[in-house]
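K.L.:
3D, please:
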Amino acid sequence: MKRKVVVGMSGGVDSSVAAYLLKEQGYEVIGVTMQIWQEEEPDAVEEKGGCCGLSAVEDARRVAGYLQIPYYVMNFKKEFKEKVMDYFVEEYLQGRTPNPCIACNRYVKWESLLQRSLAIGADYIATGHYARIRQLSTGRYAVCHSAADRKDQTYALYGLTQYQLAHTLMPIGDYTKEEIREIAVREGLPVAHKPDSQEICFVPDNDYAAFIDRQAKGRVPGPGNFITSSGEVLAEHEGITHYTIGQRKGLRLAMGHPVFVTQIRPETNEVVVGENEDVFSTELFCNRINYMGMEELKSPKRVTAKIRYGHKGAFGMIEKTGEDEIKCTFEEPVRAVTPGQAVVFYEEGCVLGGGTIKRRENPI
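P.N.:
Model prediction:
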């Protein structure tokens, strides 16, 4: 009997080729696009675009028709607003810089979509992520580096559970982006030449501060002070939601040389700035831990740690410092450890686990 798989189709080339590959492998494939946009006006939705707007639905539907597979749109507006958009806003209000794609992956693309897919008789869900799922010698599942080095997406998938991984397929993990494009062109897929989406889907203009202002309904703190680490007031800032750790551009500070955001203090509505070297540190603490390739951290362990999506990774020692807390000590100082972002721990290219950065320690 054919195994049934629900493919999350964003209307892009990656998920479209994923659906094609699974059909070629003999799976019974069902295409699904997750309706996550909040506006009811079609014009507003179309203007916003993103990976799950109306244009995405039309593209995904065309691909499904071309592949001759069933296609549905499932409504996840409530889950997306609560788990992703509201989380994004609240984190910024607390002076942290969140990664909404990680929350979306864990709580919408997997938790909600997987539940509904299993309920309709599917064996798996599948996505167009550049990652590979492996079952390690210990029996545990882990996401591991894909063949596409520059496009690798394992960092944003560290929050998945063992149950979710056991019911997930990632068919494009063995290919480079160029190879995926070639397959799409060769097979005549309608989205073969569609460009990749670069922005956060619900903030397509990249104006995070304006989005937060609209969503938070008067709770956004207004202007405050730029200060030095010693407390000297330098000038007025636009509001803490406009800044992130390590930021240099857009500060509008006439210091005679570049300065960088080193700390955001929501309790006093202050943004601390300093020199480039002030942005480097050797330690961080994280919580909201999710173990993946390892069941638990019982003793200190040397790992490669990534502190943001585009970070190449750095060697460090991790040790458990609380029931839900891990300390990571880097062998060399790392730049712009940012509260709210994820730190993900790797061994031999596979994700051992990760957490949300609480704070950095030991600035150099």
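K.L.:
Quick check: which helices or strands does the longest strand anywhere in the chain pack against?
P.N.:
Longest strand of the chain, by residue count under DSSP state E: strand 350-363. With contacts defined as 3 or more C-beta pairs under 8 Å, 6 or more residues apart in numbering; DSSP states H and E, strand 350-363 has these neighbours: strand 141-144, strand 280-291, strand 342-347. C-beta coordinates here come from the backbone N, C-alpha and C atoms, glycine included.
K.L.:
Turn these into TSV, including mean neighbour count and mean pLDDT.
P.N.:
Listed next are those as TSV, based on neighbours: other C-beta atoms under 10 Å; pLDDT from 0 to 100:
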stretch	mean neighbour count	mean pLDDT
strand 141-144	25	98
strand 280-291	19	97
strand 342-347	25	98
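K.L.:
Between those strands, which one is closest to K358.
P.N.:
With C-beta to C-beta as the criterion, K358 lies closest to strand 280-291 of these, at 4.8 Å.
K.L.:
Name the residues that touch that closest one?
P.N.:
Strand 280-291 has contacts (C-beta atoms under 8 Å, 6 or more residues apart in numbering) with 158-161, 297, 307, 321-322, 324-330, 332-335, 337, 342-343, 352-364.
K.L.:
before we move on, what about stretch 269-278?
P.N.:
Under C-beta under 8 Å, 6+ apart, the answer for stretch 269-278 is 221-222, 224-229, 234, 237, 240, 243, 251, 253, 258-265, 363-364.
K.L.:
do stretch 58-76 as well
P.N.:
Contacts for stretch 58-76 (C-beta under 8 Å, 6+ apart): 9-12, 15-16, 19-20, 23, 29-36, 57, 108, 112-113, 116, 188-191, 194.
K.L.:
Next step: these restricted to helices.
P.N.:
Taking DSSP state H as the definition of helices, those contribute 15-16, 19-20, 23, 57, 113, 116.
K.L.:
and V89, helix, strand or coil?
P.N.:
Following DSSP: H, G, I helix; E, B strand; the rest coil, the label given to V89 is helix.
K.L.:
what residue ranges in this protein score low on pLDDT?
P.N.:
For the chain, residues meeting the criterion pLDDT under 70 lie at 38-54, 198, 362-364.
K.L.:
again, only using 90
P.N.:
Counting by pLDDT under 90, the chain shows low-confidence ranges at 1-2, 35-56, 148-151, 195-207, 209, 217-218, 221, 254-256, 310, 360-364.
K.L.:
Please, where are all the helices along it?
P.N.:
Ranges of helices in the chain, per DSSP H, are 13-24, 42-48, 54-67, 77-80, 86-93, 100-104, 113-119, 162-166, 177-186, 208-216.
K.L.:
Drop anything exposed from the contacts of stretch 58-76.
P.N.:
Neighbour counting by 16 or more other C-beta atoms under 10 Å classes 9-12, 15-16, 19-20, 23, 29-36, 57, 108, 112-113, 116, 189-191, 194 among these as buried.
K.L.:
rewinding a little: show the buried residues in the contacts of stretch 269-278.
P.N.:
Buried, going by 16+ other C-beta under 10 Å: 224-227, 234, 237, 240, 243, 251, 259-264, 363, out of the contacts of stretch 269-278.
K.L.:
quick one: which of these sit in strands?
P.N.:
Cross-referencing the buried ones among the contacts of stretch 269-278 against strands under DSSP E gives 224-227, 234, 237, 260-264, 363.
K.L.:
and which of those residues is nearest to A126?
P.N.:
Among these, I264 lies closest to A126 (C-beta to C-beta), at 38.5 Å.
K.L.:
can you pull the contacts of the closest one?
P.N.:
By C-beta under 8 Å, 6+ apart, the contact list for I264 reads 95-96, 240, 243-245, 270-272, 339.
K.L.:
Would you check how far apart it and L169 are?
P.N.:
In this view, I264 and L169 are 40 Å apart by C-beta to C-beta, to the nearest Å.
K.L.:
Repeat that for L253.
P.N.:
Note on L253: its distance to L169, by C-beta to C-beta, is 50 Å.
K.L.:
Same check on L114?
P.N.:
From L114 over to L169 the distance is 12 Å, taken as C-beta to C-beta.
K.L.:
okay, and the common contacts of these two?
P.N.:
Shared contacts of L114 and L169 (C-beta under 8 Å, 6+ apart): I125.
K.L.:
ok, so of the buried ones among the contacts of stretch 269-278, who is nearest V303?
P.N.:
The closest of these to V303 turns out to be P363 (C-beta to C-beta; 21.7 Å).
K.L.:
Give the buried residues for stretch 128-140.
P.N.:
128-134, 136, 140.
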